[in-house]
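>>> Kindly generate the corresponding structure for this input.
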Amino acid sequence: MLKLKLNQTKILKLNNQTYLPFLIHNLPKNYNKFNTLNIIKINTTIYINSIEFTKTFINKYIDLLNYSNINNNNIK
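Reported below is the predicted structural model:
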């Protein structure tokens, strides 16, 4: 059975694989070159497996997600 888990930053963990969330308007430029088996669409969010990205990109993207979540939670 597949285990699906989302953390606070909306990063998806599925079978010990990490998927990064993207909206349609902020997909990476080279997303069409990614293996389609590494892409999951849930509602309006597109999740791309982290194996498609470099470590530096992943770290910067997660930092950006953390920053945007903090700002969204503070603005009311």
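
>>> can you give me the strands for this structure?
Ranges of strands in the chain, per DSSP state E, are 4-6, 12-14, 17-23, 39-42, 45-49.

>>> What part of this structure, helix or strand, is modelled with the least confidence?
Across the helices and strands of the chain, mean pLDDT, DSSP states H and E gives its lowest value to strand 4-6, namely a mean of 63.

>>> Spatially central residue in the chain, please.
Nearest to the geometric centre of the chain sits Leu20, at 1.5 Å (C-alpha atoms, centre = their mean).

>>> what's the spacing between it and Leu37?
Distance, Leu20 to Leu37, by C-beta to C-beta, to the nearest Å: 15 Å. Placement of C-beta: from N, CA and C, glycine included.

>>> Apart from its chain neighbours, what residue comes closest to Ile40?
Leaving aside its sequence neighbours, Ile40 sits nearest to Tyr47 (C-beta to C-beta, 6 or more residues apart in numbering; 4.4 Å).

>>> what's near enough to touch the one you found?
Contacts for Tyr47 (C-beta atoms under 8 Å, 6 or more residues apart in numbering) come out as Leu12, Tyr19, Leu20, Pro21, Phe22, Ile39, Ile40, Lys41.

>>> Could you check how far Ile40 is from Leu64?
When distance is defined by C-beta to C-beta, Ile40 is 20 Å away from Leu64.
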